[in-house]
Structure formats: C-alpha cells, structure tokens
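# sequence first, predicted coordinates after that:
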Amino acid sequence: MSVLVFVTLGVVTSYIHDSAIMQPMKEIRKVVEAFGEGDLDSRIALNREDEWNVIENALNSMAADLSHANAEILKRQTELELAEQKYRSIFENAVEGIYQSTPEGQYLGANPAMAESPRLRDS
C-alpha cells in the first residue's frame, strides 16, 4: 500500500511541477528567445492568476518599452539619413567652393566647386 501512495504522490508532484513551473518557463523562454532574435512584438500569454502573472506583466511591459524605443531609434536614424543626404546635396552642388582644413591650413576636404577652383589647384 505504501508503494502505491509514494507512486501516486510522485505522479502528482511531477504533474504539479510541470504545470506550475515548467510550462510557464517554457513559454517565457520562447518569447525571450524571440526578443533575442529581434522580434520585439512577441508577448508572453500565460493567463494565470498567480506569481507568474507578475513576471508576465513585467516582461510584457519591458518588451513594449523596448519596441517603442526601437521604433524611435529607427525613426531618428531615418531622419539623420535624410539630413545627411540634404547636407551632402547642398555641399556637392554648391556653386561656391566649400572646404575643410586643419588649424594649420592643411586641406581635409573640398566640394567639387572648390576642387575646380584655380586657388586650390595652384596650391
């Protein structure tokens, strides 16, 4: 009789361990791995009313914050690229010569108009 009790207790303990600990951990791991692969839109959906709910909410909130921050970074990167293109176009197409030099007077760079300038060619 005691062997049957121990076997039953072992089965019940194993079931509780699997449903209470291992299943939530598998779901969290799956979503965290998706984050690591760049999928910041993944969310944990445990739908539990226990301690895991606190972890679920915290990780989902963090994911939402990361997703928002990433969107802002991508937006600013696009804005910077557009500003750089605009500056480069102004620099390259300017009629007047534009150049950059060191404090000692050594040329570092010049736009096409400056490169065609007799002053630059003669120096």
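Cool, the structure landed.

# all strands for this protein, in order.
Read by DSSP state E, the chain holds these strands, from start to end of the chain: 99-101, 107-110.

# contacting residues around the residue positioned nearest the centre of the chain?
With distances taken as CA atoms, centre = their mean, N70 lies nearest the centre of the chain, 4.9 Å away. Residues in contact with N70, defined by CB atoms under 8 Å, 6 or more residues apart in numbering, are L40. In short, each C-beta sits where N, CA and C put it, glycine included.

# quick one: mean pLDDT for the helix of greatest length in the chain?
If you go by DSSP state H, the chain has its longest helix at helix 51-93. On average, the pLDDT along helix 51-93 is 94.

# what number of residues lie near L66?
When counting by other CB atoms under 10 Å, one arrives at 12 neighbours for L66.

# I meant to write V12 there.
Applying other CB under 10 Å, we find 10 other residues in the vicinity of V12.

# for V5, see how far away it is.
To V5, V12 is 11 Å away according to CB to CB, to the nearest Å.

# which of the strands of the chain sits closest to E37?
For the strands of the chain, the distance to E37 is smallest for strand 107-110, at 40.5 Å, taking CB to CB.

# and the closest one, what's buried?
When burial is assessed from 16 or more other CB atoms under 10 Å, strand 107-110 yields the following buried residues: A110.

# in its sheet, what does it sit against?
Sheet pairing here is set by DSSP bridges, and for strand 107-110 it gives strand 99-101 (antiparallel).

# which residues does the strand it pairs with contact?
Residues lying outside strand 99-101 but in contact with it, judged by CB under 8 Å, 6+ apart, are Y107, L108, G109, A110, N111, M114, L120.

# likewise stretch 83-96?
Contact partners of stretch 83-96, identified using CB under 8 Å, 6+ apart, comprise I98, N111, P112, A113.

# could you list which of those residues belong to helices?
P112, A113.

# what's the closest non-adjacent residue to G109?
Once its chain neighbours are removed from consideration, G109 has its nearest residue in Q100; the separation is 4.9 Å (CB to CB, 6 or more residues apart in numbering).
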